[in-house]
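Participant: next input, structure requested:
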Amino acid sequence: MRQHTIGTRDEILASTNAHLPLTDSQPLGSVIVAVCCGTDVGPVRVMARLAIGYDWAVPLLSKGAWMSFEGLMQTKTIRSVEDLLAIVKSYANLNVIYRGVKCSAYELIPKVGRRRRKKKLLQPKDERYMLSLFKQRAIAHLHRAPADDWEWLAIAQHHRLPTRLLDWTRNPLVAAYFAVVEKHDGDSAIYAYRNNRHLSIQKHPDPFAVDRVARIVPNHTTPRIIVRSGLFTIHPSPARAFSSSEIDKFVIPTLQRESIKKTLDKLGINTASMFPDLDGIALHINWLRTDEY
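Facilitator: From the prediction side, this is the model:
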């Protein structure tokens with residue numbers, strides 16, 4: 001994964017008092033990561049080796065844990081929609097999908113991989129059982145019965161059941177919207193996945209038997225999926241953060257989040273267009289005519 005964010009070495013030293021075991025002869029990357037999110041991961045303090053070829057680590061002080069990253073990530077920031085479009089232009093010959101996240105510390109972990117039962121990770125049998133319960137109770141609310149488990153999984157994901165799917169979009173502006181739409185005292189991020197390997201759901205009828213991460217487009221669609229140019233990735237090990245050399249990460253600094261949200265609104269990317277129903281209209285009007293973020 002190439003991570004794009006903000007923070008020069010001097011800025012890190014000044015803002016975090018990080019200890020960098022470097023000599024003047026060691027090659028440095030131009031920028032490194034400094035993220036502070038007021039979320040459940042707690043504040044982040046950077047203590048890193050930046051010489052190329054070294055591993056570097058970020059301690060999550062509130063948890064007393066360590067996240068390790070192999071090698072030195074390239075870094076870049078997005079301060080405007082124009083910055084994002086310039087990056088998209090560089091992808092002209094690639095088939096790229098995007099995912100926006102509110103906090104730049106959030107990794108690519110499906111919701112079911114972030115859930116626990118009796119303090120233990122959910123197992124495939126737990127996922128299958130939750131999906132079976134959803135099928136039993138949801139069928140009365142559907143206009144037609146889904147044709148296969150892929151459709152059921154997509155519907156369940158759409159209605160917030162924890163699944164092994166991750167939502168993506170072909171539209172980078174939609175990803176930016178989901179990165180900045182909610183109030184957040186910290187940086188946000190957009191992931192770009194430069195991979196066009198699709199999984200044939202006809203050849204793989206059981207979502208729980210898939211053994212690799214892949215892009216999927218189930219037959220079932222909803223108005224929200226359509227307007228968002230949405231699709232999914234399937235994750236056979238949903239508790240494991242997905243990382244790949246084909247993934248880029250672009251960080252939106254907290255001070256630029258609101259201005260990007262306003263620019264997106266002028267381009268027609270807002271809560272009313274992303275949620276094409278009465279709730280979306282009401283929420284958008286509330287944002288336009290009040291002091292809500």
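
Participant: make sure residue 170 is actually in contact with residue 97.
Facilitator: Yes - with contact defined as C-beta atoms under 8 Å, residue 170 and residue 97 form a contacting pair (5.8 Å). For glycine as for every other residue, the C-beta is placed from the backbone atoms N, C-alpha and C.

Participant: does residue 192 belong to a helix, a strand or coil?
Facilitator: Secondary structure assignment for residue 192 (DSSP: H, G, I helix; E, B strand; the rest coil): strand.

Participant: actually, residue 100.
Facilitator: Of the three states, residue 100 takes strand under three-state DSSP.

Participant: spatially nearest residue to it (excluding sequence neighbours)?
Facilitator: residue 179 (3.3 Å; C-beta to C-beta, 6 or more residues apart in numbering).

Participant: now swap in residue 204 and tell me
Facilitator: Nearest non-adjacent residue to residue 204 (C-beta to C-beta, 6+ apart): residue 210, at 5.5 Å.

Participant: so who does the one you found touch?
Facilitator: The neighbourhood of residue 210, defined by C-beta atoms under 8 Å, 6 or more residues apart in numbering, consists of 199, 204, 234, 236.

Participant: which sections of the stretch 151-293 of the chain are below the confidence cut-off?
Facilitator: Counting by pLDDT under 70, the stretch 151-293 of the chain has low-confidence residues at 220-221.

Participant: that older thread, what's the strand or helix carrying the residue nearest to residue 100 in contact with?
Facilitator: In this assignment (DSSP states H and E), residue 179 forms part of helix 172-180. The contact list for helix 172-180 (C-beta under 8 Å, 6+ apart) reads 78, 81, 84-85, 87-88, 96, 98-102, 168-169, 188-192, 228-229, 252, 257-258, 260-261, 264, 267, 269-270, 274.

Participant: list buried residues within those.
Facilitator: 78, 81, 84, 87-88, 96, 98-102, 168-169, 188-192, 228-229, 252, 257, 260-261, 264, 269-270, 274 (16 or more other C-beta atoms under 10 Å).

Participant: can you show me the helices along the stretch 1-150 of the chain?
Facilitator: 9-16, 81-90, 124-138, 149-158 (DSSP state H, counting those that start in this stretch).

Participant: count of residues packed around the nearest residue to residue 109 once chain neighbours are set aside?
Facilitator: Sequence neighbours aside, residue 241 is the residue nearest to residue 109 in space, at 5.2 Å (criterion: C-beta to C-beta, 6+ apart). When neighbours are counted by other C-beta atoms under 10 Å, residue 241 registers 14.

Participant: what's the answer for residue 196, then?
Facilitator: Residues lying near residue 196 (other C-beta under 10 Å) number 11.

Participant: which non-adjacent residue is nearest it?
Facilitator: residue 95 is the one closest to residue 196 (C-beta to C-beta, 6+ apart), at 4.0 Å.

Participant: next up, the contacts around the one you found.
Facilitator: Applying C-beta under 8 Å, 6+ apart, the residues near residue 95 are 194, 195, 196.

Participant: ok, now how distant is the last one from residue 91?
Facilitator: From residue 196 over to residue 91 the distance is 12 Å, taken as C-beta to C-beta, to the nearest Å.

Participant: got the angle for the helix holding residue 179 vs helix 81-90?
Facilitator: Here helix 172-180 runs at an angle of 140 degrees relative to helix 81-90 (axes from the mean of the first three to the mean of the last three C-alpha atoms, to 10 degrees).

Participant: need the CA coordinates for helix 172-180. CSV is fine.
Facilitator: Taking C-alpha atoms only, helix 172-180 is exported to CSV below (Å, rounded to 0.1, in the frame of the first residue of the first chain):
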residue,chain,number,x,y,z
PRO,A,172,-13.9,9.4,-6.5
LEU,A,173,-16.2,12.3,-5.6
VAL,A,174,-18.6,9.9,-3.9
ALA,A,175,-15.7,8.5,-1.9
ALA,A,176,-14.7,12.0,-0.9
TYR,A,177,-18.3,12.7,0.2
PHE,A,178,-18.3,9.7,2.6
ALA,A,179,-14.9,10.8,3.9
VAL,A,180,-16.1,14.3,4.9
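
Participant: how distant is it from the center of its chain?
Facilitator: Relative to its chain's centre, helix 172-180 lies at 10 Å (C-alpha atoms, centre = their mean, to the nearest Å).
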